[in-house]
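Engineer: quick one: sequence plus predicted model below, questions after.
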Amino acid sequence: MPCHLDTMFDRPQSAVLPRPPIPTRLRSQPEAFLVLRRNPLELWGAPAYRELVLPGRFLGRQQILLNDPAGIRHVLLGNHENYVRNEPARRVLRPVLGEGLFLAEGEAWRHQRRVIAPALAPRVMPILSRHIVTVTARVEDEIAALGGRPVELMPLLQRLALDIAGQSMFSLEMAAFGADLRRLLIRYAQGYAKVGLLDMMLPAGWTTPLDRGRAAFRRDWLALMDRVIAARDAQAPAGVPEGETASRDLFDLLRAARDPETGQGFDHALLRDEVSTLILAGHETTAVTLFWACYAMARLPEHQEAIAAEASGLDLSPEHAAQAVPKLAMTRAVIDEALRLYPPAYLLVREAVGPDVIAREAVAAGTIVSISPWVLHRHEAHWDRPNTFDPHRFLPGRPAPDRMVYMPFGAGPRICVGMQFALTEATLVLARLLRRYRFSLPGGGEVVPRGMVTTQPDRPVRFRLAVR
Ligand code: HEM
């Protein structure tokens, strides 16, 4: 590592960035329901950031919020088969994710995971890095055309991440489909992604009014996915550089993949659900990670300069970017810290199938178990200066955080299957953008995270990206 970076790393810079208020009194259930719809990140009071186990009741159901690493290990790892995704999450996610990996359970999940995991394994990163960098270079040139005028960053990063997802999945430029895809996703986010009261109260199998709209949405979504897949099939295979696998993208890998135990592949309907799952689970999460990393860098110029210096000496071209990733230590530390303070998946919810004991608490069947990366990552017992943005905690040589405390990608067998891809993408995009542009916030920077499907900024934010 060059010595000028060492000196920068020796002078840690830190800052407490804005966050939603912490309620000072207990809320009634109707109030809690309203907060849940406005901004779930305002739900938890001070004890949530101090205590390890918080039992409670909501809508007549036993609930438990877990901040205890051993208890979390038990739920996500030791006895994970007793804890499944709950019905409201299924209602909300099924229209886009269908029977794909995210919502599958039991043997169907095991089969899908065995087939998909190798397509996203570390050895595939050189193929994916090529796509990541090709798309990023295109967006960098679009930014240059702005001539330094302020730009709203979130839509730009969403389009960038969607293009990367489309290119990595299908080797297709998403220009022909991107607008339709985003239109549908906005319709989904505004109309159906929020959990209604009846979604929470009605048992599985009962149709809520929102479910009817969701079913219509699913028909439109599947039709669009069929169009994308047909366009991909009509496209002649591109040349593959010598020495690389013959698969040009994730779709090739998924279509060719077979379960190592049963030899079974995916039929068209399941392949389409897997594609939807990977695009959906992958692009918005990575876009918000990049947003918060860019936001923190605009507020903390010293870290920004360290990243620009680190990236400037490296070959970040499509052919060589994958080899540069391990050398981007500061860039990666900023991504890790952004994922700590702004975890895109801010709440993991499970429902107990049968009775159990977690962290010495008796838990009845049907209990809702919440594990919140948002709360865990800002918990007083687990972190030094929990609300301070300090990437130095993640630099090489520092003790790694407990995997049951720092979990932006979840933990246990259902840990995010796209983790390597997401980290590679976020690191390369941030390094390339900051190497070329200096980020600032001309209108000031009071942006507060808001829990939607992912952790979003609470308002549109314009950044100035000046050429270095
Ligand atoms: C920064 C970006 C990302 C974050 C923060 C993230 C976070 C997560 C988390 C927390 C889970 C576990 C959820 C739970 O246990 O309830 C998960 C699962 C999953 N993620 Fe990601 N993810 C990201 C990117 C991606 C990407 C790029 C892909 C695909 C290309 C992806 C695909 C999936 C899938 C399919 C699952 C379900 C895995 C299973 O149940 O076996 N994610 N993700």
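Structural biologist: Okay, I see it.
Engineer: so which bits of this structure are right by the ligand?
Structural biologist: Counting by Cβ under 6 Å from any ligand atom, the chain comes close to the ligand at 101-102, 113, 277-278, 281-282, 285-286, 289, 344-345, 348, 408-410, 414, 416-418, 421-422. C-beta: built from backbone N, CA, C; applies to glycine.
Engineer: narrow those residues to those in strands?
Structural biologist: Counting by DSSP state E, the part of the residues of the chain next to the ligand found in strands is residue 348.
Engineer: what about the strands in the protein?
Structural biologist: 15-16, 53-58, 61-66, 83-84, 151-152, 348-352, 356-358, 361-363, 368-371, 388-389, 437-440, 449-451, 455-457, 462-467.
Engineer: show me where the stretch 1-150 of the chain has its helices.
Structural biologist: 3-10, 29-38, 69-73, 87-97, 106-116, 125-145 (DSSP state H, counting those that start in this stretch).
Engineer: report how many residues lie close to residue 466.
Structural biologist: 11 (other Cβ atoms under 10 Å).
Engineer: my read: it touches residue 440, true?
Structural biologist: Yes: judged on Cβ atoms under 8 Å, residue 466 makes contact with residue 440 at a distance of 7.2 Å.
Engineer: still on that earlier bit, from the residues of the chain next to the ligand, list the buried ones, please.
Structural biologist: Among the residues of the chain next to the ligand, the ones that count as buried by 16 or more other Cβ atoms under 10 Å are 101-102, 277-278, 281-282, 285-286, 289, 344-345, 348, 408-410, 414, 416-418, 421-422.
Engineer: on that earlier part again, for residue 393, which of the helices of the stretch 1-150 of the chain is the nearest?
Structural biologist: Across those, residue 393 has its closest neighbour in helix 3-10 (11.9 Å, Cβ to Cβ).
Engineer: got the contact list for residue 429?
Structural biologist: 132, 136, 160, 164, 290 (Cβ atoms under 8 Å, 6 or more residues apart in numbering).
Engineer: equivalent analysis for residue 85, please.
Structural biologist: Neighbour list for residue 85: 103, 105, 349, 350, 351 [criterion: Cβ under 8 Å, 6+ apart].
Engineer: and for residue 129?
Structural biologist: 318, 321, 322, 325, 424, 428 are the contacts of residue 129 under Cβ under 8 Å, 6+ apart.
Engineer: same check, this time on residue 217
Structural biologist: The neighbours of residue 217, taking Cβ under 8 Å, 6+ apart as the test, are 95, 96, 184, 187, 188, 191, 192.
Engineer: quick check: the gap between the nearest residue to the fourth one once chain neighbours are set aside and the ligand.
Structural biologist: Yep, that's residue 187 we're talking about. Leaving aside its chain neighbours, residue 187 sits nearest to residue 217 (6.7 Å; criterion: Cβ to Cβ, 6 or more residues apart in numbering). Distance, residue 217 to the ligand, using Cβ to the nearest ligand atom, to the nearest Å: 20 Å.
Engineer: next one: residue 275
Structural biologist: 10 Å.
Engineer: any weak-confidence spans in the stretch 1-150 of the chain?
Structural biologist: Along the stretch 1-150 of the chain, the parts satisfying pLDDT under 70 run over 1-14.
Engineer: thought residue 148 was touching residue 464?
Structural biologist: Yes: Residue 148 is in contact with residue 464 according to Cβ under 8 Å; the separation is 6.5 Å.
Engineer: what pLDDT does the residue in the stretch 301-450 of the chain positioned nearest to the ligand get?
Structural biologist: For the stretch 301-450 of the chain, the residue closest to the ligand is residue 418, as judged by Cβ to the nearest ligand atom, at 2.2 Å. What the model reports for residue 418 is a pLDDT of 97.
Engineer: quick check: closest non-adjacent residue to it.
Structural biologist: Here the residue nearest residue 418, using Cβ to Cβ, 6+ apart, is residue 282, at 5.1 Å.
Engineer: touching, the one you found and residue 165? I think so.
Structural biologist: Yes: contact criterion Cβ under 8 Å: residue 282 and residue 165 qualify, at 5.4 Å.
Engineer: coming back round to it: most neighbours among the contacts of residue 429, which one is it?
Structural biologist: Ranking those using other Cβ under 10 Å puts residue 132 first, with 30 neighbours.
Engineer: what sits against it?
Structural biologist: 164, 168, 321, 424, 425, 428, 429.
Engineer: now pLDDT too, for the residues you listed, in CSV please.
Structural biologist: Compiled in CSV, these are given as follows (pLDDT from 0 to 100):
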residue, pLDDT
164, 94
168, 88
321, 98
424, 98
425, 98
428, 98
429, 98
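Engineer: okay, helices next: where are they in the stretch 351-468 of the chain?
Structural biologist: Going by DSSP H, counting those that start in this stretch, the stretch 351-468 of the chain shows helices at 373-376, 419-436.
Engineer: and residue 386, which of those is closest to it?
Structural biologist: helix 373-376 (9.8 Å).
Engineer: other SSEs contacting that closest one?
Structural biologist: Here helix 373-376 touches no other helix or strand, going by 3 or more Cβ pairs under 8 Å, 6 or more residues apart in numbering; DSSP states H and E.
Engineer: pLDDT of that helix, averaged?
Structural biologist: pLDDT averaged over helix 373-376 gives 98.
Engineer: buried stuff in that helix?
Structural biologist: 373, 374, 375, 376.
Engineer: for the closest residue to the ligand within the stretch 151-300 of the chain, give its distance to residue 420.
Structural biologist: Closest to the ligand within the stretch 151-300 of the chain is residue 282: 3.0 Å, counting by Cβ to the nearest ligand atom. Distance from residue 282 to residue 420, counting by Cβ to Cβ, to the nearest Å: 12 Å.
Engineer: and what of residue 296?
Structural biologist: 23 Å.
Engineer: between the two, tell me which one has more neighbours.
Structural biologist: The neighbour count for residue 296 versus residue 420, taken as other Cβ under 10 Å, is higher for residue 296 (22 against 18).
Engineer: contacts only, for that one.
Structural biologist: For residue 296, the contacting residues are 15, 17, 303, 334, 337, 338, 341, 389, by Cβ under 8 Å, 6+ apart.
Engineer: what do you get if the cut-off is 10 Å, keeping everything else the same?
Structural biologist: When contacts are counted by Cβ atoms under 10 Å, 6 or more residues apart in numbering, residue 296 touches 15, 17, 303-304, 334, 337-338, 341-342, 389, 391, 439, 445.
Engineer: my read: residue 411 touches residue 66, true?
Structural biologist: No: the criterion here is Cβ atoms under 10 Å, and residue 411 misses it with residue 66 at 11.8 Å.
Engineer: how close does residue 339 get to residue 360?
Structural biologist: 30 Å.
Engineer: same drill for the two, tell me which one is more crowded.
Structural biologist: residue 339 (27 against 9).
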